[in-house]
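> model this:
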Amino acid sequence: MATEELKESQVSAGVYLRMSTEHQQYSTANQMSVISEFAKQHGIEIVKVYSDGGKSGLNIHGRNELARMIDDVQGGQAGFSCILVYDVSRWGRFQDADESAHYEYICRKTGMKFHYCAEQFVNDGSPVSTIVKGVKRAMAGEYSRELSTKVFNGACHLIQLGYKQGGAAGFGLRRMLVDQNGQHKMLLKRGEHKSIQTDRVILVGGPEAEVQTVQWIYRTFIRGKIESEIAASLNQRGILTDLGRPWTRGTVHQVLTNEKYIGNNIYHRTSFKLKQKHVVNPPEKWIRANGVFQKLIEPDQFQKVQAIILERSRKLSNDEMLEKLRTLVAQHGHISGILIDETEGFPSSAAYRHRFGSLVAAYRLIGYDPEIDYSFIEINRKLRKEHREIVSSVIKRIEALGAVVLWDEKTELLCINDEFRASIVLCRHTTTNFGSSRWVIRLDASLKPDITIAVRMNATNEGIRDYYLLPAIDMTWEKLRVADDNGVYLDTYRYDSLDYFLSMAEQIKLKEAA
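Have a look, this model is predicted:
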């Protein structure tokens, strides 16, 4: 902290706090303690606090409190005349130091003073403070770059040792937890994660019936059946995917093209380093370890399947394949590997990668911008469908209990027994730059539900992890950003099923007294 006496004409301050997942040193409580002491020493009254919890400082995206503070300052609605921040890194670890300076300048040009309370320099605009601050900003950005490299190298090392890094196992496979000596401990169920740092996860064969189904899919495809025919046959036999859903052309294709079925561990197919943009990496940049998992399919059989898939597109010229992509864009407004694989009579996404080197290269040849993360759109589309299915299921279960439930299609609220209203929101899973899970729970106060049922999706956004039953009387936020564990106050409302909510809706019949 600076020892030089600050001459303050202002008496009120707004505080900005940012807690990521780095160190306990940067907890919001520790930041606030240092800032409060600074304010006390300099006769400053703290009147407003803006806090972004669990937010990366790489850019301003998602840091709603920082954006709100800047809007308040620019709009003259701040109600304070100086800003207090713990240190330069809490303002942000921006990869461009000029971006960090830009947001500070936006505030200062309105006459707002700016103090970094834990730094050893006074932010007074002098040449010395300007130089030191510039160095600090560059160091803050460099820290993130170094950490990103260390995390990536660590993940690559674990991949080459044969350990799985996130994601679902897939049909026919299961995730096995092993200790530091490689000894099997237990099978992890969907949504379960390792709790001991030295434990690791590998893939093993699943139930025998699933393993045989995978092998049948490969044999049937080699015999001449196409993906849609195989999917129809599986559905007719009542066999569901690992997510409990009917098979499609795309899900069969995924089984036929994923190297994990021959025991290979693949990583870095895509990357999103330092939150710059999602990149689909060419095969030569993939990190792989061959034969480290239990194989369900022989490698020569797998290669035969890949040859058949590629041969289907070999008769098409480059121009014909690209024209098909243009047609798909015109129909849907976007392209993704999933959409390509789900389209009947279309070359597979693997065929496009083989012909043009990568999907991104094919996109660019038709003038399509691949920088946008359309997987987000695909996930949201699936979640909208999932939302309707969950609402329908809840209504049926409530009615089965003898209760009366009305569904308002306009507000999407459930009115139960004409006594209370419930809102059901689905929370998409995201992963932070440090590999931690995050969900955003949006609470629409304008609809005034008595209780919000927040359905948290699992790491693949393909299944349900758990539920939060949030009563309106205790919720004063527009949205909550939650992690795996959120403390007693919030996790008190967490449930593994909707049984408790259904008990609230159940009509209890009282027997007439004799």
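> Look at Ile262 and report its pLDDT.
pLDDT recorded at Ile262 is 92.
> do the same with the one 3 residues further on
Looking at Asn265, its pLDDT stands at 85.
> What separation is there between the residue nearest to it when sequence neighbours are not counted and Lys260?
Once flanking residues are discounted, Asn265 sits nearest to Ala289: 4.4 Å by CB to CB, 6 or more residues apart in numbering. (Each C-beta comes from the backbone N, C-alpha and C, glycine too.) Going from Ala289 to Lys260 by CB to CB, to the nearest Å gives 11 Å.
> which one of these two has more residues nearby?
Between Ala289 and Lys260, counting by other CB atoms under 10 Å, Lys260 is the more crowded of the two (22 against 18).
> which residues touch the residue most central in space within the chain?
Residue closest to the average C-alpha location in the chain (CA atoms, centre = their mean): Thr430, at 1.0 Å. Remark: with contacts taken as CB atoms under 8 Å, 6 or more residues apart in numbering, Thr430 is in contact with Ser437, Arg438, Trp439, Val440.
> Neighbours of Met69, how many?
23.
> same thing with the one 4 residues further on?
The local packing of Val73 (other CB under 10 Å) involves 22 other residues.
> And what about Thr198, helix, strand or coil?
Look at Thr198: counting by DSSP: H, G, I helix; E, B strand; the rest coil, its state is coil.
> How much space separates it from Ala289?
The value you get for Thr198 to Ala289, if CB to CB is used, is 20 Å.
> With Ser129 instead?
Distance of Ser129 to Ala289, given as CB to CB: 50 Å.
> mind checking which helix or strand Val128 is in?
helix 127-160 (DSSP states H and E).
> what's in contact with whichever helix or strand comes after that helix?
Next along the chain after helix 127-160, taking DSSP H and E as the criterion, comes strand 173-178. Residues outside strand 173-178 that contact it (CB under 8 Å, 6+ apart): 164, 169, 184-188, 194, 199-206, 260-261, 293, 296.
> Parallel or antiparallel, which strands does strand 173-178 pair with?
strand 184-188 (antiparallel), strand 200-205 (antiparallel) (DSSP bridges).
> Quick one, grab the pLDDT at Ile508.
42.
> ok, and which of the strands paired with strand 173-178 has the densest surroundings?
Counting by mean count of other CB atoms under 10 Å, strand 200-205 has the highest mean neighbour count of these, with a mean of 19.
> What is the subsequent helix or strand relative to that one?
Beyond strand 200-205 on the C-terminal side, the first helix or strand identified by DSSP H and E is helix 208-222.
> So which bits of that next one are buried?
By neighbour count on 16 or more other CB atoms under 10 Å, the buried set for helix 208-222 is Glu210, Val211, Thr213, Val214, Gln215, Ile217, Tyr218, Thr220, Phe221.
> Next, format those as JSON lines and append pLDDT.
As requested, those are exported to JSON lines (pLDDT from 0 to 100):
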{"residue": "Glu210", "pLDDT": "94"}
{"residue": "Val211", "pLDDT": "95"}
{"residue": "Thr213", "pLDDT": "96"}
{"residue": "Val214", "pLDDT": "95"}
{"residue": "Gln215", "pLDDT": "95"}
{"residue": "Ile217", "pLDDT": "95"}
{"residue": "Tyr218", "pLDDT": "95"}
{"residue": "Thr220", "pLDDT": "94"}
{"residue": "Phe221", "pLDDT": "93"}
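> got the domain boundaries for the protein?
The chain breaks down by automatic domain parsing into domains covering 12-147, 314-373, 379-505.
> Present the ones you listed as JSON lines; the columns should include distance to Arg174 and mean pLDDT.
JSON lines is the format used below for the domains of the chain (distance: least, CB to CB, whole Å; pLDDT from 0 to 100):
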{"stretch": "domain 12-147", "distance to Arg174": "29", "mean pLDDT": "79"}
{"stretch": "domain 314-373", "distance to Arg174": "24", "mean pLDDT": "81"}
{"stretch": "domain 379-505", "distance to Arg174": "15", "mean pLDDT": "80"}
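> Can you add distance to Leu234 and give the ones you listed back as a markdown table?
Below are those laid out as a markdown table (distance: least, CB to CB, whole Å):
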| stretch | distance to Leu234 |
| --- | --- |
| domain 12-147 | 40 |
| domain 314-373 | 16 |
| domain 379-505 | 18 |
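> Am I right that Ala118 is in contact with Glu37?
No. The criterion here is CB atoms under 8 Å, and Ala118 misses it with Glu37 at 9.9 Å.
> Which of the three states applies to Ile338?
Assigned with three-state DSSP, Ile338 falls in the helix class.
> So in that sheet, which strands flank the helix or strand encompassing Leu469, and in what orientation?
Using DSSP H and E, Leu469 sits in strand 464-471. Using DSSP bridges, strand 464-471 pairs in its sheet with strand 451-457 (antiparallel), strand 494-495 (antiparallel).
> Output the contacting helices and strands for the next helix or strand after that strand.
In the C-terminal direction, the helix or strand that comes right after strand 464-471 (DSSP H and E) is strand 479-482. Contacts defined by 3 or more CB pairs under 8 Å, 6 or more residues apart in numbering; DSSP states H and E place strand 479-482 against strand 437-442.
> one more time with 10 Å
If contacts are counted by 3 or more CB pairs under 10 Å, 6 or more residues apart in numbering; DSSP states H and E, strand 479-482 sits against strand 45-53, strand 420-427, strand 437-442, strand 451-457, strand 464-471, helix 487-491.
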